[in-house]
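> Attaching a predicted model along with its sequence, questions to come.
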Amino acid sequence: MIYTVTFNPSIDYIVSVDDLKLGSVNRTSEELMFPGGKGINVSMVLSNLGIENTALGFLAGFTGDNVQKMLEENGVNADFIRVKDGITRINVKIRAQEESEINGMGPAIKDEDIKELYKKLDKIKDGDILVLAGSIPSVMPETMYSDIMEHLKDKDVKIVVDATKDLLLNVLKYKPFFVKPNNHELGEIYGVELKTREDVVPYAKKMQQEGARNVLVSMAGEGAVLVAENGEVYKSKCPEGKVKNSVGAGDSMVAGFIAGYLKSGDYKEALRNGLLTGSASAFSDNLATKEEVENLGKTFEM
């Protein structure tokens, strides 16, 4: 089984405004609504690809009820902990002359809620995959990712981490199955600017030396780099297409990489599938579907 964890889920309310004028009444030309959060995005795409998975995390209030409903309608096993105080946040994304976001706060997560999460994590078995993705709310310990990996260290679980800065660095000693920084995040960690795939390779190798088994670096239109535990380095451009929506593309790459690896056991094929899936989401208003990924793959060669 694949499990994802989203500590601070959301309802993502995406509105298009043809000509946004601050201080005035603006009317939308299009509205979309999705369950949001990096782990949830991974779960949604895995489900779209036909791969069973379970989404874990915290939900609260009437907005949490809606997130639960939307996930279940999409075929995701939603096994969230219900939090008493507050509501699951609403994130407003405005598409106008420029893209802007207003993100909500989320509910108050208490110690007893975290204990309930550990009870669910205890059900994870050897051979399962766990995806830890996104930021940690300020009401939770900053060490939450490394605490979880410490808790599970005696199990044979493949753990995937998609996080930034110290959240990522602090888990490397637990040898995660793969990590997925983008080139800007990787550069920020090591104090350099990384513009090309060739620039990325030495720093991805450095992160691997610090503990990560595989380092997958996404680079938007530049493609991606994978430094794999088999000693190989794979570099690839991305498929060609018109970008409609960048939200969830990186999470889709994570889901696609996992799906590709489970199907083939081959890291090059996993990277290809990750690129296809991430691009399919970027080229669509919604998260990638299996049909979109397959159609894109007909003409894409690494």
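Done, it's in.

> All the strands of this structure, residue numbers only.
All strands of the chain, identified by DSSP state E, fall at 2-6, 10-16, 30-36, 53-59, 77-78, 81-82, 89-95, 99-102, 129-133, 158-162, 178-179, 214-218, 224-227, 233-236.

> how about those strands in a markdown table, adding mean pLDDT, distance to V247 and mean neighbour count?
The way it works is simple: take the backbone N, C-alpha and C, and place the C-beta from them, glycine included. Output for the strands of the chain, formatted as a markdown table (pLDDT from 0 to 100; distance: least, C-beta to C-beta, whole Å; neighbours: other C-beta atoms under 10 Å):
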| stretch | mean pLDDT | distance to V247 | mean neighbour count |
| --- | --- | --- | --- |
| strand 2-6 | 97 | 15 | 25 |
| strand 10-16 | 93 | 7 | 19 |
| strand 30-36 | 91 | 8 | 18 |
| strand 53-59 | 96 | 18 | 25 |
| strand 77-78 | 94 | 20 | 18 |
| strand 81-82 | 96 | 25 | 16 |
| strand 89-95 | 92 | 7 | 19 |
| strand 99-102 | 89 | 9 | 11 |
| strand 129-133 | 97 | 14 | 25 |
| strand 158-162 | 96 | 14 | 24 |
| strand 178-179 | 96 | 21 | 27 |
| strand 214-218 | 97 | 14 | 26 |
| strand 224-227 | 97 | 18 | 26 |
| strand 233-236 | 96 | 22 | 18 |
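
> Could you save those as a markdown table and add columns showing distance to I258?
A markdown table is the format used below for the strands of the chain (distance: least, C-beta to C-beta, whole Å):
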| stretch | distance to I258 |
| --- | --- |
| strand 2-6 | 7 |
| strand 10-16 | 22 |
| strand 30-36 | 19 |
| strand 53-59 | 9 |
| strand 77-78 | 16 |
| strand 81-82 | 24 |
| strand 89-95 | 25 |
| strand 99-102 | 27 |
| strand 129-133 | 6 |
| strand 158-162 | 7 |
| strand 178-179 | 9 |
| strand 214-218 | 10 |
| strand 224-227 | 13 |
| strand 233-236 | 16 |
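
> Out of these, which gets nearest to K290?
Closest to K290 of the strands of the chain is strand 53-59 (C-beta to C-beta; 14.3 Å).

> Neighbouring strands - and their directions - for the closest one?
Strand 53-59 has the following sheet partners, assigned by DSSP bridges: strand 2-6 (parallel), strand 77-78 (parallel), strand 81-82 (parallel).

> so who does D12 touch?
D12 sits next to L32, M33, F34, P35, G36, N91, K93, V247 when contact means C-beta atoms under 8 Å, 6 or more residues apart in numbering.

> bridging residues for it?
Listed by DSSP bridges, the beta-bridge partners for D12 are F34, N91.

> wait, which of the strands of the chain is closest to R272?
Relative to R272, the nearest member of the strands of the chain by C-beta to C-beta is strand 233-236, separated by 7.2 Å.

> from the middle of its chain, how far away would that closest one be?
Here the centre of strand 233-236 is set off from its chain's centre by 21 Å, with C-alpha atoms, centre = their mean, to the nearest Å.

> and it, which strands flank it?
strand 224-227 (antiparallel).

> what's the strand it pairs with in contact with?
If you take C-beta under 8 Å, 6+ apart as the criterion, strand 224-227 is touched by 197, 200-201, 204-205, 207-208, 214-219, 233-236, 238, 253, 267-268, 270-271, 274-275, 278.

> ok, for G64, nearest residue in space, not its chain neighbours?
The shortest distance from G64 to any non-neighbouring residue, by C-beta to C-beta, 6 or more residues apart in numbering, is to T88 (4.0 Å).

> confidence score at the residue nearest to the spatial centre of the chain?
Residue closest to the mean C-alpha point of the chain, counted by C-alpha atoms, centre = their mean, is D251 at 3.2 Å. pLDDT for D251: 96.

> Now for the closest residue to it other than its chain neighbours, how many residues are close by?
Nearest residue to D251, sequence neighbours excluded (C-beta to C-beta, 6+ apart): N41, at 3.6 Å. The number of residues packed near N41 is 28, by other C-beta atoms under 10 Å.

> Tell me which stretches of the protein form helices.
Per DSSP state H, the chain carries helices over the ranges 38-48, 61-73, 111-121, 144-151, 165-169, 183-190, 197-209, 249-264, 267-282, 290-297.

> list the contacts for Y3?
Applying C-beta under 8 Å, 6+ apart to Y3 gives the contacts N53, T54, A55, L56, L121, I124, D128, I129, L130, V131.

> gap between S246 and E188?
With distances taken as C-beta to C-beta, to the nearest Å, S246 is found 18 Å from E188.

> correction: G39
From G39 over to E188 (counting by C-beta to C-beta), the distance is 22 Å.

> what about the two, which has more around it?
Comparing G39 with E188 by other C-beta under 10 Å, the one with more neighbours is G39, at 27 against 15.
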